[in-house]
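Novice: Dropping the sequence and predicted coords here.
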Amino acid sequence: MPVVQIEKAALCQCLNRKDFTDEEVDELCFEFGLELDEVTSEREMLAKEQGDAKAAQMGDQLSDAVIYKIEVPANRYDLLCVEGLSRALMVFQSLAQPPLYKAVQPAAGMQQMRVAPSTAQIRPYVVCAMLRNLSFTPASYKSFIDLQDKLHQTICRQRSLVAIGTHDFDTLTGPFLYEALPPSDIVFKPLNQTKEFSAVELMQLYSGESHLKAYLPIIRDSPVYPVIKDANGVVLSMPPIINGDHSRITLNTKNVFIEATATDAHKASVVLDTLVCAFSQYCSEQFTVEAVQVNYPDGRASIYPSLAYRQVDIQVDYLRKGVGRSDSQLTIDEICHRLTRMCLVAKATSDATVSVTVPPTRHDVLHPCDVLEDLAIAIGYNNLEMSLPPTLCTGKQQPLNSLTDKLRLEVAFAGFTECLTFALCSEKDISERLRLPLDSLPAVRIANPKTLEFQVARTSLLPGILKTVHSNRSLPLPLKLFEIQDVVYKSSDSSGSAVNSRQLAAVYYGKSSGFELIHGLMDRIMQVLGVPVDQYKLSATELATYFTGRCANVLYKGSPVGTIGVLHPETLAQFDLTLPASAFVFDVEKFL
Amino acid sequence: MEDLRSNILAYIDKHETCSSTELCKEMNVEHQKIVGALNSILAFGEIISAQPEVTSRLELTDEGRQVADHGSHEAVLFASVPAGDGAPQSELMKSVPNAKIGFSKALANRWIRLDKSAPGGPRVYRQVESVSDRIRHCLQMVAALSLDSLTAEERAELKKRKLVQEGRVTVYRVAKGPAFTLTLAKEETELTAEMLATGVWQTLTFKAYNFKALGQQPDCGHLHPLLKVRAEFRQIFLEMGFQEMPTNRYVESSFWNFDALFQPQQHPARDAHDTFFLTEPAACRLDAEQADGYLARVKAVHSNGGYGSIGYNYDWKESEAQKNILRTHTTAVSARMLYQLAQQPQFQPTKYFSIDRVFRNESLDATHLAEFHQIEGLVADYNLNLCHLMGIIREFFHKLGIRRLRFKPAYNPYTEPSMEIFSYHEGLGKWVEIGNSGVFRPEMLLPMGLPESVSVIAWGLSLERPTMIKYGINNIRDLIGPKVDLKMVSVGPICRLDK
């Protein structure tokens, strides 16, 4: 979940509570669905990262002001910055009304952004907006940059879906053009560089930069790269990689031109709404944003930001039932009042319905159930009256799990100790180490393992048990281990599926092979499974995992259900085991 | 030994009380042996009493012990000088250990003389016929702790020659005990079948048992602690009337793991960073889901909404839904079960549970592995709400012995409202998250065909976390996997979650 840093002093000020204790802040966060993750300061954070000595050395350059690190829910993009978070809490505490955000079209005409057909090949959408007469402070400027970064990391999916560029409008001249050009045809001075580069050179330059190289693959192999220019051909940005240096914003920027290019038009609009809603409070005309017209090649024109307010009519009965309160316990007025505290302005349209206005900050509201949740939060989850569901049912186990648990007990009664090992392992574990060719195994293979430990789903329980034996060689001998768990087989048909198979495996490891003990355990299991002696037998066979002449198939009603034998010395060697061992493996599901 | 014990008992019988040093002198054996014999008598019960007194005493150094056993260096050297003709000095110096010290001491004692002008080099002759080895005698007295007979000069000399050092010696004051006897009966350790048969047990004395010693461990097998806790959780669900879901299906389609749960295709959880995708089998067919139009309904609710929802407004792709993965939660199976429930002609209220493995391609640390067990419970019935969810969660956790609960609003893609469950941890003195819960979204349930008035409430938690707390395990690798110490498995107590 994303984390937002907010200074305690700033939070106290906007909540009009000079004497807020950390516990009270924690409580407020909890109630609202946030998590106070850490109470820290600039100095403490640096000390944690680079050590106390470094932090002490920095002296007065670091502030000791208390900072709260607050985790916000992953779908609440409006809470990703101090501005949005503190406003939401102010409204929640009834210290402010939800603002009314407006997009206005200037009398002199809107700024225009023309979209060239070439962008369809790589990044077809762009949305724009203008924040007029804005005054940044160092803190709000930093927050503005931080929010873009947080949006890039979350809803924008590392800039792949949406990439934001913000510019000092007073350095530019409209109308603007969004096009896609061959990389060699894009030449400009990027942010924080002193000379011009071609796009080809930039891709080379940034391949070594840790914060930018992750974005390069989004466009690298495309024949054309996206680029935004003004009327004079000045490059604003080459999304989603970098902005131009020419139009960079500074603390003194008054008019901010915002563009967001995207492969997903809806998300671009959400991102733009989120950004302008949070920062329009610094404009001379608060909460008001200047609209920009985007002209598509097909003649379609769209005006952004959309800042749409959506009306949702909801049955009061639905809301009351949802929080378990009757008419008298929860009046329509109270419902409206509580929803307004969640920035969802609501009014009664009849005795039975409320009309809820979903603001452009609340793109997380998809369905009346989202409104219901906010009502419950405003009442306080912990103020709701708990009751047991009236649902009467009979408990029932899965027959396979019931059988498994009974067998586990029987095998443990027989003196064997239960292992619990991983369902994922390396290819080598199930093939080479068991002396089996990999291509003979119906193994499910993992596409993106982070380590060799997770290449395949296991097709046998033996490697896990033998590894456990290896880790416990120093214990008194013999070791008698078992495991009853699932292995996974790829389906042989074309369904593209895979199935689990419940297996029981046991291993005896000691000074002698102990085959008669493993055999005895198998006999015992068949006995407790109620298998008549004539329905179960061992039939000699040769399997590479086992020692020559010391291996058999376990036959149940004439068909094989497992294998048993003395492990091959080379199998033992594969697991670094120096003493003999016997084992069996069989399919539990055959006895359901 | 037996003689020594009898002698000691006889001595005590005569003198009533004495010190262990006194016994030393009397029996003419070393102090250590006396102490051994006293301990052996004490083992028979209260025949004697022995009060320890720690005193500072002279004790032999290693060299001193050697001298006490074999004679002083000068005496040894003297002995090696042949009477009469004597021996060349050079030969003599090689013939015995510590010859240099022995030579100078013997010379100083005038036991020998040196003729430097003898033909063939300096030669040594005896000057007296025999010697009395006073040093050895003194050291023997030290060993016997009879120091009174040593003069101050002798003590000083022994110390100077590093043959003795100051040490601490425990001396015992010995006296008759309440059960004093002169004869020590042989004590039996075991009651045998033969004793019973002959009846001889009636006349024998039996050695006292050492109840402080540990008994012998029985030879038995053991169940794994995590699975003992699993059994307990299953029991709780069964007691509460829940039916177990068939979760033996690690490989799942993205469709059932994500899409059916209304989790959008660009959701970060669907990243390769979080989820294990497969190369074999890479994708599955969704024929059955397609056949009755369910797939189309899921596609529609994601792309354009429906059922009162505005949806996510994106281009939903079947190819993405077909991708096979290792399931990231057992809720994939819950979705399948709810879909089956919706296919019944008449909806039946149902309570389901499962406890099984799930897989996350996350970075690993002391509390996270790539695979862990998820515990999940859900109730599907008409008109269930948050109060019912909180009520059943309270009931469930009460059965685990957890009583102080509170609920925090949270976000899950497939539940709304959603709540994280916190309990007050007495040990840590703070509220800790113990599970997650919520009401399944209508965008998930209605495309399945469940009636609109049916709600499904669900909660989940990991099996590992309560197990680690229960058994005091800090690193998850000490609990699961091949590196587990089997001693941990065998010593773990039985699992009673409410204790």
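Specialist: Now that the structure is in, tell me what you want to look at.
Novice: Going by C-alpha atoms from here, please, whenever you check contacts or count neighbours.
Specialist: OK.
Novice: what does the stretch 151-300 of chain A put close to chain B?
Specialist: When proximity is defined by CA under 8 Å from any CA of the partner chain, the stretch 151-300 of chain A lies next to chain B at A:157, A:264, A:266.
Novice: give me that answer again for 7 Å
Specialist: Proximity of the stretch 151-300 of chain A to chain B, by CA under 7 Å from any CA of the partner chain, involves residues residue A:266.
Novice: so which residue of the stretch 151-300 of chain A comes closest to chain B?
Specialist: The nearest approach of the stretch 151-300 of chain A to chain B comes at residue A:266, 6.4 Å away (CA to the nearest CA).
Novice: Tell me who's in contact with that residue.
Specialist: Neighbouring residues of residue A:266 by CA atoms under 7 Å, 6 or more residues apart in numbering or on different chains: residue B:313.
Novice: Which helix or strand contains it?
Specialist: Using DSSP states H and E, residue A:266 sits in helix A:265-279.
Novice: Check which residues of that helix are buried.
Specialist: For helix A:265-279, a neighbour-count test (16 or more other CA atoms under 10 Å in any protein chain shown) marks A:265, A:267-279 as buried.
Novice: May I see the residues you listed organised as a markdown table, with distance to residue B:161 and pLDDT added?
Specialist: Converted to a markdown table, the buried residues of helix A:265-279 look like this (distance: CA to CA, whole Å; pLDDT from 0 to 100):
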| residue | distance to residue B:161 | pLDDT |
| --- | --- | --- |
| A:265 | 100 | 92 |
| A:267 | 96 | 94 |
| A:268 | 97 | 95 |
| A:269 | 99 | 95 |
| A:270 | 96 | 95 |
| A:271 | 94 | 96 |
| A:272 | 96 | 96 |
| A:273 | 97 | 96 |
| A:274 | 94 | 95 |
| A:275 | 93 | 95 |
| A:276 | 96 | 95 |
| A:277 | 96 | 95 |
| A:278 | 93 | 93 |
| A:279 | 93 | 94 |
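Novice: For chain B, what's the nearest residue on the stretch 251-400 of chain A?
Specialist: Residue of the stretch 251-400 of chain A nearest chain B, by CA to the nearest CA: residue A:395 (3.8 Å).
Novice: How about that residue, nearest residue that isn't a chain neighbour?
Specialist: If the residues on either side of it in the chain are set aside, residue A:395 comes closest to residue B:241, at 3.8 Å by CA to CA, 6 or more residues apart in numbering or on different chains.
Novice: and that neighbour, backbone torsions?
Specialist: phi 80, psi 20 (degrees, to the nearest 10).
Novice: which residue sits closest to residue A:509, ignoring its sequence neighbours?
Specialist: Counting by CA to CA, 6+ apart, residue A:581 is the residue found nearest to residue A:509 once chain neighbours are left out, at 4.4 Å.
Novice: Show me the domain layout of the chain.
Specialist: Let's take chain A. As assigned by the TED database, chain A contains the domains A:3-73, A:102-304, A:312-379, A:399-591.
Novice: other chain: chain B
Specialist: Per automatic domain parsing, the structural domains of chain B span B:2-64+B:136-176, B:73-132, B:226-252+B:266-281+B:329-491.
Novice: With mean pLDDT as added columns, please give those in TSV.
Specialist: Below are these laid out as TSV (pLDDT from 0 to 100):
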stretch	mean pLDDT
domain B:2-64+B:136-176	83
domain B:73-132	84
domain B:226-252+B:266-281+B:329-491	92
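Novice: quick one, which of those is nearest to residue A:543?
Specialist: domain B:226-252+B:266-281+B:329-491 (24.5 Å; CA to CA).
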